[in-house]
Structure formats: C-alpha cells, structure tokens
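Visitor: fold the following, please.
(chains A and B)
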Amino acid sequence: MEAASKLDVEAIRADFPILQRRIGDKPLAYLDSAATSQKPVQVVEAMRRFTDYSNANISRSVHTLGAEATEAYEGARAKVAAFIGAPSPDEVVFTKNSTESINLMAYAFQNAAFDAAADPRFKLGPGDEVVVTEMEHHANLIPWQQLCRRTGATLKWIGITDAGRLDVDTVDEVITERCKVVSFVHVANLLGTVNPTSQITRRAREVGALVGLDASQSVPHIPVDVTELGVDFIAFTGHKMLGPTGIGVLWAKADLLAAMPPFLTGGSMIKTVTMEHTTFADAPAKFEAGTPPIAEAVGLAAAVDYLDKLGMANVRAHEKEFAGYMLDRLETVDGLQIIGPRVPIGRSATVSFTIDGVHPHDVGQILDAEGIAVRVGHHCAKPTCARFGVNATTRASGYLYNTHEEIDRLVEALGQVRKVFG
Amino acid sequence: MNLDELYQEVILDHYKRPRGAGLREPYEGESHQVNPTCGDEITLRVHVEGDTIADVSYDNVGCSISKASASVMYELINGAKVDDALAKLAEFTELMNSKGQSEGDEESLEDAVAFAGVSKYPMRVKCALLGWKAFQDALVRAEASIPGRTDA
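Guide: Residues are numbered from 1 along each chain as shown, chains lettered A, B, ... in the order given. Got it, this is the predicted structure:
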C-alpha cells in the first residue's frame, strides 16, 4: 500500500497561489490548516464565475439568473450530501459554520421545551443528561453546557487518558439510561486524536440517546460516511476543507430534521404566514432562514470536487505519513513535549506541543520570523489545556499541500527558539 | 521581520528576572485580567497610601512580552504618585497604539521604550498592555474601597 505517493504534492501546491508567498524574505510554510485551510484556484474561480455570470437570489425569482443560482445552490447541497454518504440532499442544511450547526441542534432541544407537542426525543429537563467529551472545541461544549444550564439537564463528559485518547473504558458508566444526546468530537482540534466512534454510538443506541459528531476536523481530512458511522447528526465547516469562510453544514437524519423545531426564523423557511401564525417549510429550508451563503455554497461544491478528485483515502494516507514524520522530527527537539498521542495511529496531522520555559506566543513569533505559520494559544479547547496542565500550546497542522521540507524548517526554527529564550 | 527589535535585551532580561513579582499584602484593589485569545493571565494588587502607589504586586503567566511588560511597569509606577502613574499608563498605551510610528520618550518611560517595537505587531500589543490594564482596574477598585465607601 503506497497510498501516500498517490498525492502529487507539487502539482497540488501549484493550485494554491498563497503557498508561493514570502513572509519577509522567507517562503511561507503554512502549518495552520486546522484553523483554516488555504483555497485552491478552482474554488476561487468557481465563486468568481458564479458571481460574474449567474449571481441572483435563490428560490424566489423566475428569471434565468435566479434559476441558475438556485440550481448552483441546490447542486452544491447534493454534492456535499454525496461526499459524506448522506442518503438524501434534503438532510444537508447549510449554516454559516460548525458552531452554528451545533447551536442549531442544541436549540432544537431548547425550543422543544416551550412546545407541548414537541417530539419527546428533544424534551430535556432535570434528570436528563447530555454527554460530550473533555477534548471538545468550545463549539461543541458551550452550546450543550448552556442548554443544560437553561433546561436543568446535567452535562457529563468522557475524560481523556494521559496518552491523549478518550477514556473509552468509562463510556458505559458516563452514558446512562438518562442520557438524551451524545455529541462528541470526531477528530480533536488540539490533541489531533481521531476518536473511535463505534463504542460510543453503540452505547448511545443502547440507552436510546441521539448521537452526533463535531466533524470539523474530520470531514476535511479523512473519508467520512454518515451511514457507515451510524450517527444521527454531524457538523462541519467549509473553510477547513479548501472552501470559503461563511458556510458550514449540519447533516442530520431526515426524521430528526422533520421533528426539530426551527432555530432561526424569517424569510424562506415558511409554508404560509399570517399575522398570527406561521407554518414552516420542510427541511432543509426550515433551517435556512434568510438569504443563505450562495456563492460560498458554490465554492464549497468546488472544494468537494477538488477533494473527490484527489480521493479522500489518498488525502488520509498522505496525512498519516506526514503525521508520522512530524512526530518523529518533533521528538528530536530538546525540551519539547507533545500534548496528545505520540504515535501516528488514530491521530491526525495536527500536533500540539510545549517547549520548556518558552511561552507558545513567543514560539509562534520566532517561527513567524522564519515564515512558518502555526497556531498558538488554547485553540478554543481550554478544558483540554487544563487536563494537561498547560495554559496554551503551539500547534502545527498539516494538510494535503504540506511537505517534509516544511517540517524540517519547523524543527530547525524550534532550535532557534531555545537560543533566544534559553 | 526583525526579531531583535521585538525581543530586545531589556525585554528578555525583565522576562527572565521579573521585578516586584509575587502577590503581597496589604492592598486595597485587586484585578484579574486574561487575554482570551492566548490564555495569558495576571492577578495584580495595588496598595495606595495617600496619593502614592505604595506597592504594586502581581502574579502572572504568559509570554515574554506580557511578563516583561508587567515587570517594567512595576519599576515605573511603584512608589510613584497616583497621577504620575496614570500619566505613564496613558503614555505607554499611546506608544503601544502607535503602530511602530513612535519611539517613546525614554526620559519618562525608561525601560518601557523597549516595547516600541511591539507596537508593530498587532497580535502582541494586547500582551504588552495586559499588566497595565490590570493596574488600571485595580486602581479603580482601590479608590472605590477607601474607608467610608465600603458600599462600592
């Protein structure tokens, strides 16, 4: 299996003009794709073509442009659905990002509390439980935490082992008969852990809870098939998967979307309206109030095409090999501690680390002077930081366009860090 | 990008040997400030006697810029008249907002002029101002807590 060699990284890099940039007099080494990925010309071109040629609002005009725009937008929905193995495009809701997608789910529970006729699966109150993990991005923690605070339900979480893995031994004890929903991160944005899903989904089924994934860091990097995963909903975002900012996705099973009360209300999500009452459109329109991100959907569709052409299995193989190289090389740096799994098994090409006696901000600054872009800080995962007793980490994250040479430059520059602050 | 300009010797020296660090009694005002983007934190106490800053004490975690800045601030305002300390706060804030266009007045800001280079790095200006922000807030609290105004 020489799958890694199936990606022609040099040819890929030629599609990303920004990778030719210099920072001062140094070539850019972009190792921050976990924060946002770069966009290939194909994505930018598709958006430009749409804007220059077909731009119109969707689903409300009979003119030619309106029809073209609607077709482009709904075509993007179908493309995204196929990309994640969704049985129907109607199960794909466009949002503005993962955060909104997860809030949309959480608010289905909250809004159900005000509706006597609401589906019992969304009824939440004192005695009920919601389960997340300790390795969530704040986007998949705070919406549930606040939902529990407002409804009186109890928030519980699955812990993290010292090796940076989910403590799956506790799954049966954390997820009980009182649990209504489990929402957990597929690939952790700080630790880089790829979480096994079957044990949690099995347990959620056993207790009759809904189960969903924050797939923000998985859909861009590994093959994701919602049917195979056997979950009820997933959330992800366009800008981490070569697409534009401003568009995210919530996928949920059709029967769930049908049962869920709407989140945002207003234009385009209605069947009929009087001054007193409104009946809502069917999903996905029910959850897409107002003019949606149309050009962004076109860009996301182009990103999906780009990834499809490369093949997600090839992307995954490239990143697995890349993660192994990065871990090996980082381990050679004096005073460097990896926060998260230290082997490239069940992990992504996102590696967080600390350097003894040097704050990540300073690490990031020195690396920037060498043209190397990494993220520093708590990565919107403060509980994960607390679990490992750190305030912040430096995080290098790779994608399909990264090379070994960039890791070599990272490692060399980390040597400089010790010289300045040693 | 000139790192020497950002990480001047004087900054690294204050970072490695912070002056006046540690929390001390007595104090009238205490402030806890965090930089939410990076998790840097400082707890700072102000002890005022009459119109003088009798002590500034602090405990912080953070990057070299935020830690060195708190140390330099301590040297500038500890023992100073309250009005003078507030003037230094205003002057330093202005320097940090200068986007690299000001060198700072060494007569008045002393070691703090070393941070002039930081003003070119918008992501780091918040680091340099964290301690000063804590001082400003702690001073307001100290002034609110003077005897006779315990309802504040």
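
Visitor: please make it C-alpha for all contacts and neighbour counts, starting now.
Guide: Will do.

Visitor: what does the pLDDT read for residue 128?
Guide: Since you didn't name a chain, this refers to chain A. With respect to pLDDT, residue A:128 has a value of 98.

Visitor: chain B was what I was after
Guide: 95.

Visitor: contacting residues for it?
Guide: Counting by C-alpha atoms under 8 Å, 6 or more residues apart in numbering or on different chains, residue B:128 touches B:65-66, B:69-70, B:96, B:115, B:118.

Visitor: can you redo those as a markdown table with secondary structure?
Guide: Listed next are the contacts of residue B:128 as a markdown table, based on DSSP: H, G, I helix; E, B strand; the rest coil:
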| residue | secondary structure |
| --- | --- |
| B:65 | helix |
| B:66 | helix |
| B:69 | helix |
| B:70 | helix |
| B:96 | helix |
| B:115 | helix |
| B:118 | helix |
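
Visitor: just the buried members of those?
Guide: Among the contacts of residue B:128, those scoring as buried are B:65-66, B:69-70, B:96, B:115, B:118 (criterion: 16 or more other C-alpha atoms under 10 Å in any protein chain shown).

Visitor: what's the closest of those to chain A?
Guide: Distances from chain A to those, taken as C-alpha to the nearest C-alpha, are shortest for residue B:65 (8.1 Å).

Visitor: helix or strand: which one has the closest residue to the closest one other than its chain neighbours?
Guide: Setting aside the residues directly before and after it, residue B:65 is nearest to residue B:128 in space (C-alpha to C-alpha, 6 or more residues apart in numbering or on different chains), at 5.6 Å. If you go by DSSP states H and E, residue B:128 is part of helix B:122-144.

Visitor: over to residue B:59?
Guide: Per DSSP H and E: strand B:52-61 holds residue B:59.

Visitor: got the buried residues for that strand?
Guide: B:52-60.

Visitor: please apply the same query to stretch A:102-121.
Guide: So, applying 16+ other C-alpha under 10 Å, buried residues of stretch A:102-121: A:102-113, A:118, A:121.

Visitor: same question for stretch A:325-335.
Guide: Within stretch A:325-335, the residues that count as buried by 16+ other C-alpha under 10 Å are A:325-327, A:329-330.

Visitor: what about the helices in chain B?
Guide: Applying DSSP state H to chain B gives helices spanning B:3-6, B:9-16, B:64-77, B:82-96, B:106-109, B:122-144.

Visitor: of the ones you listed, which stretch is the most buried?
Guide: Most buried of these, by mean neighbour count (mean count of other C-alpha atoms under 10 Å in any protein chain shown): helix B:64-77, with a mean of 25.

Visitor: what does that one rub up against?
Guide: A:358-359, A:362, B:11-15, B:18-21, B:40, B:53, B:56-57, B:60-61, B:84-85, B:88, B:109-112, B:115, B:124, B:127-132.

Visitor: quick check: residues of chain B near chain A?
Guide: Chain B comes close to chain A at residues B:1-3, B:12, B:37-40, B:62-64, as judged by C-alpha under 8 Å from any C-alpha of the partner chain.

Visitor: hmm, back to that, go through the buried ones among the contacts of residue B:128 and name the one nearest residue A:205.
Guide: residue B:66 (49.2 Å; C-alpha to C-alpha).

Visitor: how close does that closest one get to residue A:364?
Guide: Remark: distance between residue B:66 and residue A:364 (C-alpha to C-alpha, to the nearest Å) = 15 Å.

Visitor: do residue B:83 as well
Guide: 37 Å.
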